[in-house]
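**Q** Below is the structure, and that's it, no one-letter string:
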Ligand code: SAH
Ligand code: SF4
Ligand code: F3S
């Protein structure tokens, strides 16, 4: 390319918040290398897909999207195509890309994120394909440049990896062992964000309750949360995900008294049946789960609860699924993230007998959605008339309407102009439709 030409990079991120956060670092590194970020495939010089492996559907979609780049590469032979993220840490995936997608120039796994500039230079200089996966687990790269997607809300990872090995889950296989960032690195990052006007910090980890276990200093997640709560500034704190096996009363007490910590707890239960929970290797039972939920409800009366559920785990019977339904009815979650079980290569559950046809699981799934829809609507309707502090996030597609969010992460549509964006306002809830609230600024 000519001197003075600014190359353009297109980054597409799939999967969870951890991947979004990685994507922001990728953009930060590329910006420092002189790339401009684009959304337009036709003008891109570099295309990178940051992939997710959590379910088969996610993987299929990515293979489809990569395949679709073949024609683009034909038209733009100098285009560099790269793949990274969780999928790429699986050997069979890397092999398939190597053999069946010869137009992919660069592939690297989650452990090589910080090495992107080096790897990309290798591709540019040697004009060879570069593949790198499964390197050192213990590294926590600090100080990488970040180009954040939003100004007012930010993700801050506090730990990486997962040691839990839930039998269905690929994450520990592709993200490696648990490792916590040092509290001072986290606090510094949060402080910088607050000073730049950020209003909502979401602390990230596959199981934040394990925070601190591998650190020299003695600190647990509740204590970290408290330290962040005590920082000066006008902001609020969220976190995800908490694992029920080690969600403590200390954690709930910290949320209850921390005036900056949102009254929201995302606590995935996965199944309401003890036999299935054991097969899932979750290390808690229904009783223990319900105990921590009732403690949370007692200490934080207006708490908003959300959860993840898997329908159709291998060997699950309809009766066992009904235990999931009854738990949902009992707890009354504000929202549920529901998934039909998806077989993952290399996990323990892969070898378990799975006799229920997909069509049957789909019916159970629909039943669960219907029950939850009713509960969400009911909770939202019960908020009418209340006044609550919300963060105004953006203009809605509707004219003169703003989208805000409650502490419980519920969207509130408010009348108002753009000057409110990035500010906390008190909103009186005037109506609700399914799981969206409408309100007025008071
Ligand atoms: N670390 C988090 C969740 C990570 S994955 C936790 O432990 O809660 C997000 C959700 O995807 C999980 O909670 C689970 O509900 C779902 N999930 C993970 N693996 C799955 C699989 N193989 N099939 C279906 N759903 C799955
Ligand atoms: Fe997966 Fe379980 Fe780890 Fe969550 S805690 S990432 S579900 S293995
Ligand atoms: Fe997907 Fe990896 Fe997150 S598998 S859910 S992007 S940790």
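**A** Cool, got the structure. It should be emphasised that the depicted structure is a prediction, and the values quoted were computed from it without experimental measurement. Ligands and ions are numbered 1, 2, ... in the order given.
**Q** roughly how far apart are the residue in the stretch 301-442 of the chain that ligand 3 sits nearest to and ligand 1?
**A** Here the residue of the stretch 301-442 of the chain nearest ligand 3 is residue 344; by Cβ to the nearest ligand atom that distance is 9.2 Å. Quick note: C-beta positions are derived from backbone N, CA and C, even for glycine. To ligand 1, residue 344 is 5 Å away according to Cβ to the nearest ligand atom, to the nearest Å.
**Q** Now do the contacts for the residue nearest to that residue when sequence neighbours are not counted.
**A** Nearest residue to residue 344, sequence neighbours excluded (Cβ to Cβ, 6 or more residues apart in numbering): residue 170, at 4.3 Å. Listed by Cβ atoms under 8 Å, 6 or more residues apart in numbering, the contact partners of residue 170 are 53, 54, 86, 90, 344, 345, 346, 347.
**Q** Which among the residues you listed count as buried?
**A** Buried by 16 or more other Cβ atoms under 10 Å: 53, 54, 86, 90, 344, 347, out of the contacts of residue 170.
**Q** The second one: helix or strand, and which one exactly?
**A** Under the criterion DSSP states H and E, no helix or strand holds residue 54.
**Q** how far away is it from ligand 2?
**A** 8 Å.
**Q** The fifth one now?
**A** Relative to ligand 2, residue 344 is positioned 10 Å away (Cβ to the nearest ligand atom).
**Q** Could you report the pLDDT at residue 1?
**A** Residue 1 carries a pLDDT value of 55.
**Q** now do residue 433
**A** On the pLDDT scale, residue 433 gets 89.
**Q** Also residue 136?
**A** Reading off the model, residue 136 has pLDDT 69.
**Q** sec struct for the residue of the stretch 301-442 of the chain closest to ligand 3, please.
**A** coil (DSSP: H, G, I helix; E, B strand; the rest coil).
**Q** got it, and residue 84?
**A** Secondary structure of residue 84, per three-state DSSP, is strand.
**Q** so who does the nearest residue to residue 283 once chain neighbours are set aside touch?
**A** If the residues on either side of it in the chain are set aside, residue 283 comes closest to residue 245, at 4.1 Å by Cβ to Cβ, 6+ apart. Contacts for residue 245 (Cβ under 8 Å, 6+ apart) come out as 164, 209, 282, 283, 284, 288.
**Q** Just confirm residue 245 is within a helix.
**A** Yes. With three-state DSSP as the criterion, residue 245 is part of a helix.
**Q** From ligand 3, how far off is it?
**A** Taken as Cβ to the nearest ligand atom, the span from residue 245 to ligand 3 is 19 Å.
**Q** Contact partners for residue 225?
**A** Residue 225 neighbours (Cβ under 8 Å, 6+ apart): 203, 237, 239, 251, 254, 255, 258, 261.
**Q** And residue 218, by the same measure?
**A** residue 212.
**Q** any idea which element the residue of the stretch 1-150 of the chain found nearest ligand 3 lies in?
**A** With Cβ to the nearest ligand atom as the measure, residue 15 is the residue of the stretch 1-150 of the chain nearest to ligand 3, at 2.7 Å. Assigned by DSSP H and E, residue 15 belongs to no helix or strand.
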